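Enquirer: Just the structure for this:
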Amino acid sequence: MRRAVFLFCIPFAASAFAAGSPSDLLGLSYTLGTGLPAAGQQSLAHATISPNSPPQRGGVPPQAAGWSSQDPLPTRLEELLLRPEVAMPAPALTFIRASGPVYHDDLWDRIRDGFAMPDLQSPLVDRWQASYLARPVVLKGIIERSRRYLYHVVEELSRRGMPLELALLPMVESGYNPAALSSAQAAGMWQFIPSTARDYGLHLSADYDARRDIVASTNAALDYLQFLHELFGDWRLALAGYNWGEKAVAKAIERNTEKGLRTDYLSLTLPEETRNYLPKLQALKNLVAFHHAFGIEFEPIANEPYFTTVATGRKLDLAAAAKLSGAPLEELTSLNPGLRQPTTAMGATRGLVLPAGKADAFIANFETYKNATPKNATPKNTTPKNTSPNNTTPAIKSTNRRPAN
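Expert: Alright, predicted model coming up:
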């Protein structure tokens, strides 16, 4: 595999939110906090970020009002208050791309190379960057959770010709947590409410919730995003529609049109959550694009499938599947979050999701297992009572707005 080769220049974007020269802005110290991080917490952000000298590790990130390092960690960053002390703008990156096909060993490099949406310039972007950098443990947890699912999302986006920034959207929606559940009953990595889930073929039953299924929910989310992009002709408005609802966005556009005002995302009157929705995504994009400048290390992810789906044709206990495949039960639970019971769900289009490297062993052992076990035998439930793959994460406090209005 050969890596992409490109040159880039970094003209610094001005910010209306933080004063000082570009070098001053990148040299802002994250030693404003007076307390030390909780034991065992390693900062992803360096103490001082300078374009002219190596970053110094060990700095203390600033603490936002109302939160301390001793508080329990939330499910995702968006549960935290939007009151960071420092706003740090990102430099504007200009790529000079190499001609011809480009291959990447690291999935993060592939994502960076696939950024295609215009950058959003807003003080809110700077504030969310600072908010993310101030909470390195939470940010690291989100990045770690994404490792199982990120390749599949990137591959589907690439297949459809969609911007790869959208691979970061589940970080905003759920922290890449398939078990996430909001107070509006939006569930899964892509946070579908029941009505929108039904519109996009995500079925719910006693033993299966397709909103939590990685493959099914990703297909539905990308179908919905493509529909919204075709409707509005603009990715920013499409994302606003994904968060707020397409009818609500259409009404906001209509109101501005009647007043003779601009109808772009930044010009519309939006609810607070939707107004912050794209700045969150842009802030994450900046952290991924300028990770060296921000002192963040993204551990490489192999640019190859993490999981594959195998048809079983019958119900199968996940504990038995773990023994047949050699994969840990916890791993199978994480790869099959749509299951409400510890057995595979019935249905011609559903299968068992396995780590890619365990599929061959499972298929070979499953043939022997099928011959020795009657098809209609009831799988033994080895999961403790009152426990399911999807009840280990507390509900997300923020309300996901995606009703049809």
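Enquirer: what ranges do the helices span in the stretch 151-300 of the chain?
Expert: 169-173, 194-199, 214-232, 235-244, 246-258, 272-289, 291-294 (DSSP state H, counting those that start in this stretch).
Enquirer: Using PDB, list the CA coordinates for the fifth one.
Expert: If I follow you right, that is helix 246-258. Output of helix 246-258 as PDB, limited to C-alpha atoms (Å, rounded to 0.1, in the frame of the first residue of the first chain):
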ATOM      1  CA  GLU A 246     -36.600  18.800   7.200                       C
ATOM      2  CA  LYS A 247     -40.000  20.500   7.600                       C
ATOM      3  CA  ALA A 248     -38.700  22.800  10.300                       C
ATOM      4  CA  VAL A 249     -35.700  23.800   8.200                       C
ATOM      5  CA  ALA A 250     -37.900  24.400   5.100                       C
ATOM      6  CA  LYS A 251     -40.200  26.700   7.200                       C
ATOM      7  CA  ALA A 252     -37.100  28.600   8.500                       C
ATOM      8  CA  ILE A 253     -36.000  29.100   4.900                       C
ATOM      9  CA  GLU A 254     -39.400  30.200   3.900                       C
ATOM     10  CA  ARG A 255     -39.500  32.800   6.600                       C
ATOM     11  CA  ASN A 256     -36.200  34.300   5.600                       C
ATOM     12  CA  THR A 257     -37.200  34.300   1.900                       C
ATOM     13  CA  GLU A 258     -40.300  36.300   2.800                       C
END
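Enquirer: and the residue nearest to Arg340 when sequence neighbours are not counted, how many neighbours does it have?
Expert: Leaving aside its sequence neighbours, Arg340 sits nearest to Asp207 (CB to CB, 6 or more residues apart in numbering; 5.2 Å). Just so you know, the C-beta spots here come from the backbone N, C-alpha and C atoms, and that holds for glycine as well. Number of residues near Asp207 (other CB atoms under 10 Å) recorded here: 15.
Enquirer: Surely Asp207 touches Gln341?
Expert: Yes. The pair Asp207 / Gln341 is scored as a contact, 4.7 Å apart, by CB atoms under 8 Å.
Enquirer: Could you point out which residue ranges in the chain have low pLDDT?
Expert: Within the chain, the ranges that satisfy pLDDT under 70 run 1-101, 345-349, 374-405.
Enquirer: again, only using 50
Expert: Counting by pLDDT under 50, the chain contains low-confidence ranges at 1-75, 77-78, 80-86, 94-96, 98, 348, 378-405.
Enquirer: Which residue, other than its chain neighbours, is closest to Pro337?
Expert: Nearest residue to Pro337, sequence neighbours excluded (CB to CB, 6+ apart): Pro178, at 3.7 Å.
Enquirer: How about the contacts made by the one you found?
Expert: By CB atoms under 8 Å, 6 or more residues apart in numbering, the contact list for Pro178 reads Tyr149, Gly188, Met189, Arg212, Asp213, Ile214, Ser217, Ser334, Pro337, Gly338, Asn390.
Enquirer: okay, now Gly351: neighbour count?
Expert: 17.
Enquirer: Then Ser182?
Expert: Residues contacting Ser182 under the criterion other CB under 10 Å number 20.
Enquirer: Check the gap between the closest residue to Asn256 other than its chain neighbours and Glu165 for me.
Expert: Closest residue to Asn256 apart from its sequence neighbours, by CB to CB, 6+ apart: Thr263 at 4.9 Å. Thr263 sits 22 Å away from Glu165, going by CB to CB, to the nearest Å.
Enquirer: how close does the residue nearest to Asn256 sit to Glu297?
Expert: Taking CB to CB as the measure, Thr263 falls 41 Å from Glu297.
Enquirer: Likewise for Gly161?
Expert: Counting by CB to CB, the separation of Gly161 from Glu297 is 30 Å.
Enquirer: swap in Val288?
Expert: Val288 is 12 Å from Glu297, by CB to CB.
Enquirer: okay, the two: which has more neighbours?
Expert: Set Val288 next to Glu297 and count neighbours by other CB under 10 Å: Val288 wins out with 21 against 10.
Enquirer: Let me see the contact set for that one.
Expert: By CB under 8 Å, 6+ apart, Val288 lies in contact with Trp108, Ile111, Arg112, Leu168, Phe298.
Enquirer: These: which two are farthest apart?
Expert: Spanning the widest gap among those are Leu168 and Phe298, at 11.8 Å by CB to CB.
Enquirer: In terms of neighbours, single out the busier of those two.
Expert: Leu168 (24 against 17).
Enquirer: Help me confirm that that one comes into contact with Lys285.
Expert: Yes. Assessed by CB under 8 Å, Leu168 is found in contact with Lys285 at 6.2 Å.
Enquirer: Can you list phi and psi of the closest residue to Thr257 other than its chain neighbours for me?
Expert: Once flanking residues are discounted, Thr257 sits nearest to Thr263: 6.0 Å by CB to CB, 6+ apart. The phi/psi pair for Thr263 (degrees, to the nearest 10) reads phi -120, psi 20.
Enquirer: Count the residues that sit near Thr263.
Expert: Per other CB under 10 Å, the neighbour tally for Thr263 reads 16.
Enquirer: Which parts of this structure are strands?
Expert: Counting by DSSP state E, the chain has these strands, from start to end: 7-9, 94-96, 307-310, 352-355.
Enquirer: Can you list the strands that the third one pairs with?
Expert: In the sheet containing strand 307-310, the strands it pairs with under DSSP bridges are strand 352-355 (antiparallel).
Enquirer: And for the strand it pairs with, what's in contact with it?
Expert: Residues outside strand 352-355 that contact it (CB under 8 Å, 6+ apart): 214-215, 306-312, 316, 321, 325, 327, 331-332, 335-336, 344, 362.
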